[in-house]
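Engineer: Give me the fold of what follows.
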Amino acid sequence: MKIAALLPHVQVFGGVRRYIELGNEFVRKGHAFTLFHPAGTRPDWLEFLGETRSFSALDAESFDVAMCGEYSILAHFDRVRAKDKYFYFVLIGHKMEREVARRPYRFLGSSEAVCLRLERKYGLKVTRAPGGVNPAIFHPLEHPEPRETFNILCFGRIYKRCKGVPIVIRAVDGLARRHPNLKLIFFDTLVGEDRRDPRPLINTRVPHEFHLNLPQDKMAWLFGQADVFAMAEKRAGWANTAAEAMACGVPVVCTPNGSRDFAENGRTALVAPFPLAGLIRRRLERLILDATLRRRLAEAGAARIRDFTWSRLADRLLETFSANREN
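Structural biologist: Below is the predicted model of the structure:
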């Protein structure tokens, strides 16, 4: 099967990882995969086994399947010659959502929440295609380093309001007096045309460090520095970093946004119903005080996220592609 996907770029974003990882799995399973984006260059931060082309080459060949999840490049997606075109909904409530729902595409959804919304609001048939985790990159450390601080890890892209980073900071700041050994650890990669540095925007009373531009082979080490991972997403289809924390054996405090498929409150994570600092704070303090709960959530979370590998998702998509071609 010949499969194509379109992206606006190949920088370090969770949505880009999705297509690179899926493309690798498609190739391993014997299929051809071509990734189109404006420059046509190969990603330099993650191994990619497929082919890359620029948008100028879109008319050069045809495909069995084409995928796209980015509204800004729909004009290019329409140019692709493919028997079946799948729009991959990865966020909820985009201003162009209704327009795309009316187009003659087939549809994929990055989480159960995304799929249910589209089915109920627009009457669409949406294939469940949640995110995944690469266990070769995200896994527990065999020999964690001893430490004197209680470390709370948080994705650091603070200038993206939907990520809720200031909410986590306020939650942890409110615990600082009762728990003076707390430490915040942030991480991010410089992306975008302006490559905006998030570090000057971090304002907290808690000692902290910020890891910037870590290579992929350091991600397990990074998550291994954490006693807890905290996420306060306001809007997400699939919460990549929370899933990756679980895969690394780190107990997770999160919101339901992007995590409903794998974060079950009290069993695999502690889930705050809304992205509010007080709700995140209470759940963090439970984990600070209860080592047994931390171990139980870490073990259950790691077991749950093993159901979400890119290989399994690729198998599910290939079955969908084949079934639709026969209909």
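
Engineer: which parts of the longest helix that the chain contains are buried?
Structural biologist: Looking across the chain with DSSP state H, the single longest helix is helix 310-326. Of the residues in helix 310-326, those buried by neighbour count under the rule 16 or more other CB atoms under 10 Å are W310, S311, L313, A314, L317, L318, T320, F321. Heads up, the C-betas are built off the backbone N, CA and C, glycines and all.

Engineer: quick check, nearest of these to A263?
Structural biologist: L313 (17.9 Å; CB to CB).

Engineer: got the contact list for the longest strand seen in the chain?
Structural biologist: Using DSSP state E, we find that the single longest strand of the chain is strand 81-89. With contacts defined as CB atoms under 8 Å, 6 or more residues apart in numbering, strand 81-89 is touched by 4, 18, 59, 61-69, 77, 97, 100, 103, 105-110, 114-115, 118, 126-127, 129, 237, 321, 324-325.

Engineer: about what we covered before: the longest helix of the chain packs against which elements?
Structural biologist: The contact analysis (3 or more CB pairs under 8 Å, 6 or more residues apart in numbering; DSSP states H and E) places helix 310-326 against helix 14-28, strand 62-68, strand 81-89, strand 126-128.

Engineer: from the chain's centre, how far out does it sit?
Structural biologist: Distance of helix 310-326 from the chain centroid (CA atoms, centre = their mean, to the nearest Å) equals 20 Å.

Engineer: Between strand 62-68 and it, find me the angle.
Structural biologist: Counting by axes from the mean of the first three to the mean of the last three CA atoms, to 10 degrees, helix 310-326 lies at 120 degrees to strand 62-68.

Engineer: what mean pLDDT does helix 310-326 have?
Structural biologist: If you average the pLDDT over helix 310-326, you get 93.

Engineer: now swap in stretch 176-186 and tell me
Structural biologist: 97.

Engineer: how about that stretch: buried residues?
Structural biologist: In stretch 176-186, counting by 16+ other CB under 10 Å, buried: L182, K183, L184, I185, F186.

Engineer: Check stretch 153-171 too.
Structural biologist: 153-158, 163-171.

Engineer: Need the CA coordinates for it. PDB is fine.
Structural biologist: Coordinates of the C-alpha atoms in stretch 153-171 are reproduced here as PDB (Å, rounded to 0.1, in the frame of the first residue of the first chain):
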ATOM      1  CA  LEU A 153       8.300  17.400  36.000                       C
ATOM      2  CA  CYS A 154       6.200  19.600  33.700                       C
ATOM      3  CA  PHE A 155       6.300  20.300  29.900                       C
ATOM      4  CA  GLY A 156       7.600  23.900  29.700                       C
ATOM      5  CA  ARG A 157       6.000  25.400  26.600                       C
ATOM      6  CA  ILE A 158       4.600  28.200  28.800                       C
ATOM      7  CA  TYR A 159       3.800  30.600  25.900                       C
ATOM      8  CA  LYS A 160       1.200  28.100  24.600                       C
ATOM      9  CA  ARG A 161      -1.800  28.900  26.900                       C
ATOM     10  CA  CYS A 162      -3.600  25.600  26.200                       C
ATOM     11  CA  LYS A 163      -0.700  23.700  27.900                       C
ATOM     12  CA  GLY A 164      -1.600  25.200  31.300                       C
ATOM     13  CA  VAL A 165       2.000  25.500  32.500                       C
ATOM     14  CA  PRO A 166       1.300  28.500  34.800                       C
ATOM     15  CA  ILE A 167      -1.400  26.500  36.500                       C
ATOM     16  CA  VAL A 168       1.100  23.800  37.400                       C
ATOM     17  CA  ILE A 169       3.500  26.500  38.600                       C
ATOM     18  CA  ARG A 170       0.900  28.100  40.900                       C
ATOM     19  CA  ALA A 171      -0.100  24.600  42.200                       C
END
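
Engineer: can you list contacts of that stretch?
Structural biologist: Residues contacting stretch 153-171 (CB under 8 Å, 6+ apart): 152, 184-188, 196, 198-199, 201-204, 206, 210, 222-223, 225-226, 228-236, 241, 245, 250, 255, 275-278, 280-281, 284.
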